[in-house]
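# Sharing a model that was predicted from the sequence below.
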Amino acid sequence: MLRHRLYITRALCQFMACKLSTGLFRNILKTKHPTGDMWYTRSCLQSILAVTMAPRPFSSSQPRDYSLPNTSWSSEMLRLYEHYNIMCEVETERGDKIKGQWTRLPSYNRFLKYAPGGQYLSKLLLAKARLFTRNIEEQGAGFEYVVFENKQEKTCVCVFQAGHLLEGPPGHVHGGAIATIIDSVTGTHATCHSGPAMTANLTINYRSPIPLGSVVLVHSSLDKIEGRKIFISCQVTSSDGSKLHTEATALFIRLFETTY
Ligand SMILES: CCCCCCCCCCCC(=O)SCCNC(=O)CCNC(=O)[C@H](O)C(C)(C)COP(=O)(O)OP(=O)(O)OC[C@H]1O[C@@H](n2cnc3c(N)ncnc32)[C@H](O)[C@@H]1OP(=O)(O)O
């Protein structure tokens, strides 16, 4: 009986929280600037990002964090993951654990009900929407990757293992898949640094093919910011850094005036 009551109370709490967050987003997204442009306050944006990036607090099935190791990860992938992950937390002389220079970024899960502009995204779309790079359920078949950010150095590093469904030239990764991972890593970098931004330009030079199944590093560096423009350069190298596979420059445009 008690268990039954607890169950009903939990369901009611979930329902209330869901309604509350929906209303909040609707109000935020409908807020207009006097010029007619969509307008977000810093705190609103931060709450949107916090909520969109964090696991759903009241969901019984927490979204999966695709950036955590799984059984498809090769020993090289795991080694590099550990290499950066260990730098996310450092031990002080007194033995306390404190935040290090690097931060592992969890995989991004979108569950906004309303797109910017107020357009209602149906429940179906909502349930099925997924970041393009995370759309293959089979572990190891597509994009296996994890992104680490170093705020101080304004860099991001992505450890990327390309699965067999990303084949282009026989035995090698498709150029479109390489462009996708570059866009995703630099886009994540731009968004983490400056808030929501979209790719305006992406220029890629393919220098040497990436063998399918290999692990490479995607380095993203924030070069400069001019108003809403964020300039990022990117290199894809072999895991030991000795071979350059791809070079790119990207221009992102920050969607809102607010600076972080
Ligand atoms: C944490 C996890 C999160 C989530 C992690 C998400 C990771 C995935 C990231 C994926 C990112 C994508 O693929 S995004 C999808 C692909 N991209 C798109 O679909 C974008 C389509 N384009 C647009 O929507 C628009 O053109 C925008 C938003 C880019 C810009 O439009 P706007 O806002 O009206 O700005 P606009 O006035 O035109 O331009 C502002 C300034 O930028 C300049 N500018 C604009 N476009 C260009 C350009 N291509 N090349 C040079 N310069 C340009 C203008 O001259 C101007 O300079 P000045 O006069 O001020 O000097």
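Perfect, thanks for sending it.

# Tally up the residues packed near the residue of the chain found nearest the ligand, please.
Ranked by Cβ to the nearest ligand atom, the top residue of the chain for proximity to the ligand is G187, at 2.5 Å. In this view, the C-beta of every residue, glycine as well, is placed from N, C-alpha and C. Residues lying near G187 (other Cβ atoms under 10 Å) number 22.

# Could I get the buried residue list for stretch 242-257?
245-252, 254-256 (16 or more other Cβ atoms under 10 Å).

# Could you give the number of residues near the closest residue to L255 other than its chain neighbours?
If the residues on either side of it in the chain are set aside, L255 comes closest to P196, at 4.6 Å by Cβ to Cβ, 6 or more residues apart in numbering. Neighbours of P196 under the rule other Cβ under 10 Å: 18.

# just to revisit the earlier point, confirm the residue of the chain closest to the ligand sits in a helix?
Yes: the assignment for G187 by DSSP: H, G, I helix; E, B strand; the rest coil puts it in a helix.

# Where do the helices of the stretch 51-200 of the chain begin and end?
Under the criterion DSSP state H, counting those that start in this stretch, helices of the stretch 51-200 of the chain are mapped to 75-85, 123-128, 175-194.

# Tell me which of these is the most buried.
Of all these, helix 175-194 has the most neighbours on average by mean count of other Cβ atoms under 10 Å, namely a mean of 21.

# Now the terminal residues of stretch 146-159, how far apart.
6 Å (Cα to Cα, to the nearest Å).

# List the buried residues for that stretch?
146-150, 154-159.

# Likewise for stretch 227-241?
Neighbour-count burial for stretch 227-241 [16+ other Cβ under 10 Å]: 230-232, 234-239.

# shouldn't the residue of the chain closest to the ligand be in contact with L251?
No: using Cβ atoms under 8 Å, G187 is not in contact with L251; the gap is 11.3 Å.

# shared neighbours of the two, anything?
T199 (Cβ atoms under 8 Å, 6 or more residues apart in numbering).

# What does the residue nearest to L255 show for phi and psi?
For P196, the backbone dihedrals are phi -50, psi 130 (criterion: degrees, to the nearest 10).

# Correct me if wrong: G241 contacts V216.
No: using Cβ under 8 Å, G241 makes no contact with V216, being 10.0 Å away.

# Show me what from the protein comes close to the ligand.
53, 108, 183-184, 187-188, 191-192, 198-201, 227-229, 251, 253 (Cβ under 6 Å from any ligand atom).

# that older thread, so can I have a markdown table of the buried residues of stretch 146-159 showing pLDDT?
Output for those, formatted as a markdown table (pLDDT from 0 to 100):
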| residue | pLDDT |
| --- | --- |
| V146 | 98 |
| V147 | 97 |
| F148 | 97 |
| E149 | 97 |
| N150 | 98 |
| K154 | 98 |
| T155 | 98 |
| C156 | 98 |
| V157 | 98 |
| C158 | 98 |
| V159 | 98 |
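
# Of these, which belong to strands?
146-150, 155-159 (DSSP state E).

# Next, give me the two most distant ones among the residues you listed.
By the measure Cβ to Cβ, V146 and T155 form the most distant pair in those, at 14.8 Å.

# so where's the stretch 151-260 of the chain uncertain?
Along the stretch 151-260 of the chain, segments meeting pLDDT under 70 span 258-260.

# The same query, at a cut-off of 50, please.
260 (pLDDT under 50).

# ok so, going back, you'd agree the residue nearest to L255 is up against I253?
No: P196 is not in contact with I253 according to Cβ under 8 Å; the separation is 10.0 Å.

# will you turn the buried residues of stretch 242-257 into CSV that also has distance to S75 and secondary structure?
Listed next are these as CSV, based on distance: Cβ to Cβ, whole Å; DSSP: H, G, I helix; E, B strand; the rest coil:
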residue, distance to S75, secondary structure
H245, 20, strand
T246, 24, strand
E247, 28, strand
A248, 28, strand
T249, 33, strand
A250, 31, strand
L251, 37, strand
F252, 34, strand
R254, 39, strand
L255, 40, coil
F256, 43, coil
